[in-house]
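In: Fold the following, please.
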Amino acid sequence: MPKAARSQEDIDLIREKILDAALTIISEHGYKFFSMRKLAGRLGMSATTIYNYYSSKDELYLMMLTKGFDMLHKALLHVFNTYKSPAEKLREMIRAYVSFGINNANYYNIMFTSDAPKYSDYIGTEIEPVAYFEKQTALQLVDIAAQGVQELAGINTGINPDDARYAAIKIWSFLHGIIALSNSRVLREVDENPNEIIERIVQDVIQLVIPKEVLHG
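Out: Numbering: from 1, shown residues only. Now for the predicted structure:
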């Protein structure tokens, strides 16, 4: 008697299980030392079985990135749609970004700090469409951050609306630094109260971008 075909729900669950295991391996060993063979060993299944769900190591990696960027974008979008005040909106987006980076360190490190392939590495290959979709998902983050800054520029004359995208990247660079120090565990080695340091730096970034009179006006 032939085996019954898996339901779409079962397929999605297995794909998610494979993705989670791959994320753990890359987080532990880095992209360069990730292989489908290692993944198969971690899952207790054959590499051939994994290929039934993902066509290659690269597709699996790109889908992992896409999921991470989508998770972060949804978190920022929720904040963006929840707050009406441009100042409060940007303040909470900053906090949401830091929270995501620290609470989802495995995803964050692969998305922003790992030495792994980028979209340009896939141009001209069979997997370019998957890489392009991943890049477009990632760019949504810059777009929503720039939109938040641009809205604030409308009420704060200290911000040039034409520099909204640059300002968003500038904020990003500050926040990325403290997240990277936290995730690498370096911060806890140099200060006994890492959470307090993170909070102070977040507050400093907020005040740098949003004057008190604007935030509390």
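In: Leaving aside the residues adjacent along the chain, what's closest to Asp70?
Out: Using CB to CB, 6 or more residues apart in numbering and skipping residues adjacent in sequence, the residue nearest Asp70 is Thr137, 5.6 Å away. Yep, even glycine has a C-beta here, placed from its N, CA and C like the rest.
In: and if you look at Phe112?
Out: Of all residues beyond its chain neighbours, the one nearest Phe112 is His176 (6.3 Å), with distances taken as CB to CB, 6+ apart.
In: That neighbour: how many residues sit nearby?
Out: Residues within reach of His176, counting by other CB atoms under 10 Å, total 17.
In: does it really touch Tyr108, like I thought?
Out: No - using CB atoms under 8 Å as the test, His176 is too far from Tyr108 to be in contact (9.0 Å).
In: can you give me the strands for this protein?
Out: Using DSSP state E, no strands are found in the chain.
In: per-domain residue ranges of this structure.
Out: In terms of domains, the chain is parsed into 1-54, 57-215 (source: automatic domain parsing).
In: ranking the ones you listed by burial, who's on top?
Out: Compared across the domains of the chain, domain 57-215 shows the largest average neighbour count, a mean of 17 (mean count of other CB atoms under 10 Å).
In: quick one on the thing from earlier: may I have the residues that are in contact with the residue nearest to Asp70?
Out: Taking CB atoms under 8 Å, 6 or more residues apart in numbering, we find Thr137 in contact with 65-66, 69-70, 73.
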